[in-house]
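A.B. asks: Need coordinates for the below:
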Amino acid sequence: MYSKESDELYDEMCRVVGDMVFTLHDFGVESKQMVIADALRTALASNNPERSELLVKAMEAAAKVLDR
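C.D. replies: I've put the predicted structure just below:
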């Protein structure tokens, strides 16, 4: 069963991955699955205190899904 929280997380994961694909494209980097996951993990390592809890969870979850 889906919940409001899982729907919000899924929507944020999609937004995060889409943003990363466009960012990678802007830098001329091919947006392969592993490249996106690595870029998300690198961004997470910066520990930006302005990131919401939802954003951090979405970045972590997206990286995990892309590692499969």
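A.B. asks: Model confidence for the closest residue to Val21 other than its chain neighbours, exactly?
C.D. replies: In this structure, Val21 finds its nearest non-sequential neighbour in Ser31, 4.5 Å apart by C-beta to C-beta, 6 or more residues apart in numbering. The way it works is simple: take the backbone N, C-alpha and C, and place the C-beta from them, glycine included. In this model, Ser31 is scored at 93, pLDDT.
A.B. asks: give me the element Ser31 is part of.
C.D. replies: Using DSSP states H and E, Ser31 maps to neither a helix nor a strand.
A.B. asks: How about the one 3 residues further on?
C.D. replies: Under the criterion DSSP H and E, the helix or strand holding Met34 is helix 33-45.
A.B. asks: so what does that helix touch, helix or strand wise?
C.D. replies: Applying 3 or more C-beta pairs under 8 Å, 6 or more residues apart in numbering; DSSP states H and E, one finds that helix 33-45 contacts helix 4-26, helix 53-66.
A.B. asks: which of the ones you listed is buried the deepest?
C.D. replies: Counting by mean count of other C-beta atoms under 10 Å, helix 53-66 has the highest mean neighbour count of the helices and strands packed on helix 33-45, with a mean of 17.
A.B. asks: about what we covered before: give me the distance between the helix holding Met34 and the centre of its chain.
C.D. replies: 8 Å (C-alpha atoms, centre = their mean, to the nearest Å).
A.B. asks: With only the CA atoms kept, save it in CSV.
C.D. replies: C-alpha atoms of helix 33-45 as CSV (Å, rounded to 0.1, in the frame of the first residue of the first chain):
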residue,chain,number,x,y,z
GLN,A,33,23.2,4.9,-14.1
MET,A,34,26.4,4.6,-12.1
VAL,A,35,27.5,8.1,-12.9
ILE,A,36,24.3,9.5,-11.6
ALA,A,37,24.5,7.4,-8.4
ASP,A,38,28.1,8.4,-7.8
ALA,A,39,27.2,12.1,-8.3
LEU,A,40,24.4,11.8,-5.8
ARG,A,41,26.7,10.2,-3.2
THR,A,42,29.3,12.9,-3.9
ALA,A,43,26.7,15.6,-3.3
LEU,A,44,25.5,13.9,-0.1
ALA,A,45,29.1,13.9,1.2
